[in-house]
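> just the structure for this:
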Amino acid sequence: MLGPDTGSGRQRSFIDLHCHTAASFDSLSRPEAVARTAAARGLTHLAITDHERIDGALQAREAAPPGLSVIVGQEVRTRGGDLIGLYLERPIPPGLAASETADAIHEQGGLVGLPHPFDRFRASGARRNSDRDWLALLERVDYIEAWNARIMVGDGNLRAAELAHERGLPGVAASDAHTLMEVGVAYTAVEGHITNAAQLRAAFAQANLVTGRSSRLIRAGMPLAKGLQWLRGNRRLQVGA
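So this is what the prediction gives:
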């Protein structure tokens with residue numbers, strides 16, 4: 001069980017920065033159940049980052065048990081790959097250039113995260129941007145997912161960690177949970193009690209990454225979740241290059 005006190009009197013925050021609910025096209029987890037699970041596992045903060053929507057995050061925040069802060073976020077599909085926005089008040093429109101999307105997140109006072117940038121199976125920024133666009137995007141990023149618990153094949157996490165180091169950007173760990181079993185399997189621990197975007201950005205400098213991994217069995221259930229959501233009319237947005 002995690003906890004906010006290290007035993008030395010210093011308060012710590014335990015944050016899963018990338019998590020999905022049934023608002024996403026590829027998850028069946030109810031927002032309130034995700035919040036309860038996060039709290040039961042000792043997380044103090046949970047970023048709900050559904051694809052193209054923030055309504056699941058708002059529901060989770062409303063249902064969050066005492067001791068858990070839900071960060072309203074979104075995983076945004078851009079023309080240059082997926083981006084994460086944290087501390088949002090309004091959904092970010094999909095289909096913009098990656099740099100435009102990052103600017104729109106910052107205009108809301110949010111943080112821009114680069115998720116799974118080298119994942120060969122997902123809409124990853126390193127594959128979808130030209131060299132010039134890639135450099136422009138990296139100038140706008142607040143943190144990089146140096147560890148994504150759902151990367152099963154290849155060296156995507158290693159390359160992401162190396163990129164964060166090369167660019168002098170904070171690297172974080174996140175579960176990218178799409179099921180309740182995955183919530184908190186990877187997370188980022190920081191010093192202090194985090195209440196806003198500026199505090200979190202500053203705390204990343206001394207972050208500790210807990211690098212658990214999802215299972216192949218859980219990933220094998222993804223087609224079922226996507227199929228059920230497809231029947232419900234909740235489908236993956238297609239964005240052209």
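
> where is the longest strand in the chain?
In terms of residue count, the longest strand belonging to the chain (DSSP state E) is strand 69-78.

> the longest helix that the chain contains: how far from the chain's middle?
With DSSP state H setting the assignment, residue counts place helix 156-167 as the longest helix in the chain. Averaging C-alpha positions (Cα atoms, centre = their mean, to the nearest Å) puts helix 156-167 17 Å from its chain's average.

> and if you look at stretch 17-26?
On Cα atoms, centre = their mean, the centre of stretch 17-26 falls 9 Å from the chain's centre.

> export it as PDB, just CAs?
This file holds the C-alpha atoms of stretch 17-26, laid out as PDB (Å, rounded to 0.1, in the frame of the first residue of the first chain):
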ATOM      1  CA  LEU A  17      -0.400  10.100 -15.300                       C
ATOM      2  CA  HIS A  18      -2.200   8.200 -18.000                       C
ATOM      3  CA  CYS A  19      -5.400   6.200 -17.500                       C
ATOM      4  CA  HIS A  20      -8.500   5.500 -19.500                       C
ATOM      5  CA  THR A  21     -12.200   4.900 -18.700                       C
ATOM      6  CA  ALA A  22     -15.200   3.800 -20.700                       C
ATOM      7  CA  ALA A  23     -15.300   7.200 -22.200                       C
ATOM      8  CA  SER A  24     -12.500   6.000 -24.400                       C
ATOM      9  CA  PHE A  25     -13.200   3.900 -27.400                       C
ATOM     10  CA  ASP A  26     -11.000   1.100 -26.100                       C
END
